[in-house]
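Participant: Here is the input, now give the coordinates:
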Amino acid sequence: MENLIALKDLRLNMEKYATLVKSGKSFIVLKQSKPLFRIIPIDEDNNWEEVVNFTKIKKGGVDIDALLAAL
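Facilitator: Below you'll find the model as predicted:
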């Protein structure tokens, strides 16, 4: 069962929840007692796919303005 947390609590304790999620816990975030979104560890998300690693193109990444201009 997933834990329920208030959006305000998440904002005020972001580091705490980031650590808990990293350790495998999931949360449903509520705003005014209504579900707003779910936070799950990245390993549970089977849809994550690396499209482009810009650090392989240039050490430290690429400048966003140069990237957008190239498009």
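Participant: so how far is the least confident helix or strand in the chain by mean pLDDT off the chain centroid?
Facilitator: Ranked by mean pLDDT, DSSP states H and E, the weakest helix or strand in the chain is helix 54-57, scoring a mean of 76. Chain-centre distance of helix 54-57: 21 Å, with CA atoms, centre = their mean, to the nearest Å.
Participant: Kindly report the same for stretch 20-32.
Facilitator: 11 Å.
Participant: about what we covered before: for the least confident helix or strand of the chain, give me every contacting residue.
Facilitator: For helix 54-57, the surrounding residues in contact (CB atoms under 8 Å, 6 or more residues apart in numbering) are 61, 62, 67. Yep, even glycine has a C-beta here, placed from its N, CA and C like the rest.
Participant: Just the ones in strands from these, please.
Facilitator: Judged by DSSP state E, strands contain none of the contacts of helix 54-57.
Participant: For these, give me TSV that also has distance to residue 52.
Facilitator: Shown next, in TSV, are the contacts of helix 54-57 (distance: CB to CB, whole Å):
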residue	distance to residue 52
61	11
62	10
67	10
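Participant: Perfect, I'm done here.
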